[in-house]
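>>> coordinates for the following, if possible.
(one chain, ligands or ions: 1)
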Amino acid sequence: MADLKITVRANGPYRLEGPFTIVDGEENEFTLPEGQWVSLCRCGNSDNKPFCDGAHRNKTPAFEAETKAT
Ligand code: FES
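Next up is the predicted model:
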């Protein structure tokens, strides 16, 4: 089984590639199998948090964030 991979997208979301499980504040589980991916919002504007819905592209001023993981 592969490990979870998290990619920091330039001025956008975090992309998580499965396999993994996200547990929300109500203990609901969202499981993704190996080879599939999902994006998590880091701009705060998504209407479908914790997932990215593309709203970061329309933010004014533009959403800008570092991509380095240092
Ligand atoms: S990062 Fe895409 S909507 Fe927030």
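>>> spell out which parts of the chain neighbour the ligand.
12, 13, 41, 42, 43, 45, 46, 52, 53, 54, 55, 56 (Cβ under 6 Å from any ligand atom). All C-beta spots, glycine's among them, are computed from the backbone N, C-alpha and C.
>>> apply 5 Å and report the result again.
13, 41, 43, 46, 52, 55, 56 (Cβ under 5 Å from any ligand atom).
>>> doesn't residue 45 make contact with the fifth one?
To tie it back to what came earlier, the one meant is residue 52. No: counting by Cβ atoms under 8 Å, residue 52 stays clear of residue 45, with 9.3 Å between them.
>>> so those two - more neighbours on which side?
residue 52 (22 against 16; other Cβ atoms under 10 Å).
>>> show me what contacts that one?
Residue 52 makes contact with 12, 13, 39, 40, 41, 42, 46 under the criterion Cβ atoms under 8 Å, 6 or more residues apart in numbering.
>>> which of the three states applies to the residue nearest to the first one when sequence neighbours are not counted?
Computed as Cβ to Cβ, 6 or more residues apart in numbering, the closest residue to residue 12 that is not its neighbour in sequence is residue 56, at 5.5 Å. When states are read from DSSP: H, G, I helix; E, B strand; the rest coil, the local structure at residue 56 comes out as helix.
>>> what does the pLDDT read for the spatially closest residue to residue 65 that is not a sequence neighbour?
In space, and not counting its chain neighbours, residue 65 is closest to residue 11: 5.9 Å by Cβ to Cβ, 6+ apart. Residue 11 carries a pLDDT value of 93.
>>> now do the same contact list for residue 11.
Residues counted as contacts of residue 11 (Cβ under 8 Å, 6+ apart) are 56, 62, 63, 64, 65.
>>> before I go, just wanted to say thanks for your time.
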